[in-house]
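Colleague: A structural model of the following input is requested.
(one chain, ligands or ions: 1)
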Amino acid sequence: MTSLPCALIRGGTSRGAYFHKADLPLEETERDALLLRAMGGPDPLQIDGIGGGHPLTSKVAVVAPSNETDTDIDYLFLQVDPTGQTVSDAQNCGNILAGVGVFALSEDLVSVEDPMTIVRVRMLNTGAICYLHMPTPGGELDLTGDTAIDGVPGTAAPILCNYLDIAGSACGALLPTGNPVDDIDGIRATCIDNGMPVVVMRADDLGIKGSEAPEELDANSALKERLEAIRLRAGPIMNLGDVAHKSVPKMCMVSPPSQGGLAMTRTFIPHVCHKTIGVLGAVSAATACMLPGTPANEIANVPEGMTKTVDIEHPQGSFRIQLTMDGEGHIKSAGVVRTARLLFRGQIYL
Ligand code: NQM
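Modeller: Here you go, the predicted model:
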């Protein structure tokens, strides 16, 4: 039987299989076939693999020591479509990224410090860099703690993720169309990329309240068709080309905050409604809320100051983000807190 080393890790509100790059085939078609087999597709339940039957639990991290001097680890994120046959590298994932620090430390890919180890990660999907502040008291990785994140039961140690210069990560510019608002299919939309390509629209412009449960929105086929039509038109103008088989851009609908946050969100990723919101998806949506002239800015509750700590509301609570601006009002860095859990390490049989 063929097998290879693998770890299953919850990173933030996602769960994924983590592999050493050196253990996977170099050739991409071969690698993707192996990953589809490991995760169990194509099958909505992923019954013949370790995927969880949802885009949030059908994720892969390919990890290797970095050859660059400014980073320790290279991380390639791959989204495995549970129902289809595709493995996409078109996006980053900031949740699975939190688990990359866990994998790097538990596989001895970086040297550990006391009481905290900074793991500098290059996200190969876009070239952006993130510093992960990993809890290593006494020189040991310790993931226990009292930090709760909405969307995950219980508590764990906080992992501070500090993203540097993520604007235009995949689209080449923060506002790839050059405008804070475009009319796409009769809907006012902000095409934005502050770490994740996202189309941000007002929920009421799409005829929904914006506070519906994800299951209700998943059952709204008229809304889903409308969103997909907008998405397919947004792809080329966001410099993403034909996005029919890509997991970006994400489609985020914002409405006024209900718990004192920046704004309420519902996000399709892109064909299923997120149970919460992605990390970089939230950073992009928050950025759209802050920019004058965007539809999101009309309803957002934007704080003053160069460092803005904001809560993006989502179906299971909220997500805190700290955005630091430079003197010209551009966003310099984004910080988020995630937690992670090492679920198992072992061999996956193919
Ligand atoms: O936006 C879901 C997630 C993500 C991606 C998605 C993510 C991010 O919740 O950085 O984390 O948007 O596909 O893991």
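Colleague: how many neighbours does the residue of the stretch 251-350 of the chain found nearest the ligand have?
Modeller: The ligand sits closest to Gly278 of the stretch 251-350 of the chain, with a gap of 2.3 Å, by C-beta to the nearest ligand atom. For every residue, glycine as well, the C-beta is placed using N, CA and C. Gly278 has 30 neighbouring residues, counting by other C-beta atoms under 10 Å.
Colleague: what's the first helix or strand after the strand or helix carrying Asp32?
Modeller: Following DSSP states H and E, one finds Asp32 within helix 28-39. Using DSSP H and E, the next helix or strand after helix 28-39 towards the C-terminus is strand 59-65.
Colleague: and the closest residue to Asp114 other than its chain neighbours, its phi and psi?
Modeller: Distances taken as C-beta to C-beta, 6 or more residues apart in numbering place Gly139 nearest to Asp114, at 4.6 Å, with adjacent residues excluded. Dihedral pair for Gly139: phi 80, psi 20, per degrees, to the nearest 10.
Colleague: number of residues surrounding Gly139?
Modeller: Neighbours around Gly139, by other C-beta under 10 Å: 11.
Colleague: tell me which residues touch it, please.
Modeller: With contacts defined as C-beta atoms under 8 Å, 6 or more residues apart in numbering, the neighbours of Gly139 are Val112, Glu113, Asp114.
Colleague: ok, what's across the strand from Met325?
Modeller: Under DSSP bridges, the beta-bridge partners of Met325 are Ile331.
Colleague: what about it, how many neighbours?
Modeller: With neighbours defined by other C-beta under 10 Å, the count for Met325 comes to 15.
Colleague: could you do Gly84 as well?
Modeller: The burial count for Gly84: 12, using other C-beta under 10 Å.
Colleague: that one falls within a helix, correct?
Modeller: No - the assignment for Gly84 (DSSP: H, G, I helix; E, B strand; the rest coil) gives coil, which keeps it out of a helix.
Colleague: now it, nearest residue through space, not along the chain?
Modeller: The shortest distance from Gly84 to any non-neighbouring residue, by C-beta to C-beta, 6+ apart, is to Pro42 (5.7 Å).
Colleague: can you tell me the centre-most residue of the chain?
Modeller: Centroid-nearest residue in the chain: Cys93, 3.5 Å away (criterion: C-alpha atoms, centre = their mean).
Colleague: can you tell me how far that one is from the ligand?
Modeller: 4 Å (C-beta to the nearest ligand atom, to the nearest Å).
Colleague: give the contact list for that residue.
Modeller: Applying C-beta under 8 Å, 6+ apart to Cys93 gives the contacts Gly11, Ser14, Gly16, Lys59, Phe77, Gln79, Gly278, Val279, Leu280.
Colleague: about what we covered before: the residue of the stretch 251-350 of the chain closest to the ligand reaches Leu97, doesn't it?
Modeller: No - assessed by C-beta atoms under 8 Å, Gly278 is found out of contact with Leu97, at 10.6 Å.
Colleague: next helix or strand past the one helix or strand Met134 maps to?
Modeller: For Met134, the element it lies in under DSSP H and E is strand 128-135. Going down the chain from strand 128-135, the next helix or strand is strand 159-164, by DSSP H and E.
Colleague: and the next helix or strand past that next one?
Modeller: Next helix or strand after strand 159-164 toward the C-terminus (DSSP H and E): strand 182-184.
Colleague: how about the longest helix out of those in the chain and the ligand, touching?
Modeller: Assignment by DSSP state H gives helix 221-237 as the longest helix of the chain. No - Helix 221-237 stays clear of the ligand (C-beta under 6 Å from any ligand atom), getting no nearer than 13.0 Å.
Colleague: what comes up buried for that helix?
Modeller: Neighbour-count burial for helix 221-237, counted by 16 or more other C-beta atoms under 10 Å, picks out Leu223, Lys224, Arg226, Leu227, Glu228, Ile230, Arg231, Arg233, Ala234, Gly235, Ile237.
Colleague: list the helices and strands that helix packs on?
Modeller: On a contact count with 3 or more C-beta pairs under 8 Å, 6 or more residues apart in numbering; DSSP states H and E, helix 221-237 meets strand 182-184, strand 187-193, strand 197-202, helix 214-218, strand 250-255.
Colleague: mind checking which of those is nearest the ligand?
Modeller: With C-beta to the nearest ligand atom, the closest approach to the ligand among the helices and strands packed on helix 221-237 belongs to strand 250-255: 5.1 Å.
Colleague: so what are the sheet partners of the closest one and their directions?
Modeller: strand 197-202 (parallel), strand 263-268 (antiparallel).
Colleague: quick one, helices of the stretch 251-350 of the chain?
Modeller: Ranges of helices in the stretch 251-350 of the chain, per DSSP state H, counting those that start in this stretch, are 279-290, 295-299.
Colleague: now stretch 134-144: average pLDDT?
Modeller: Across stretch 134-144, pLDDT averages out at 98.
Colleague: show me what from the chain comes close to the ligand.
Modeller: Taking C-beta under 6 Å from any ligand atom as the contact definition, the chain meets the ligand at 13-14, 55-56, 92-95, 196, 247, 250, 269, 278-281.
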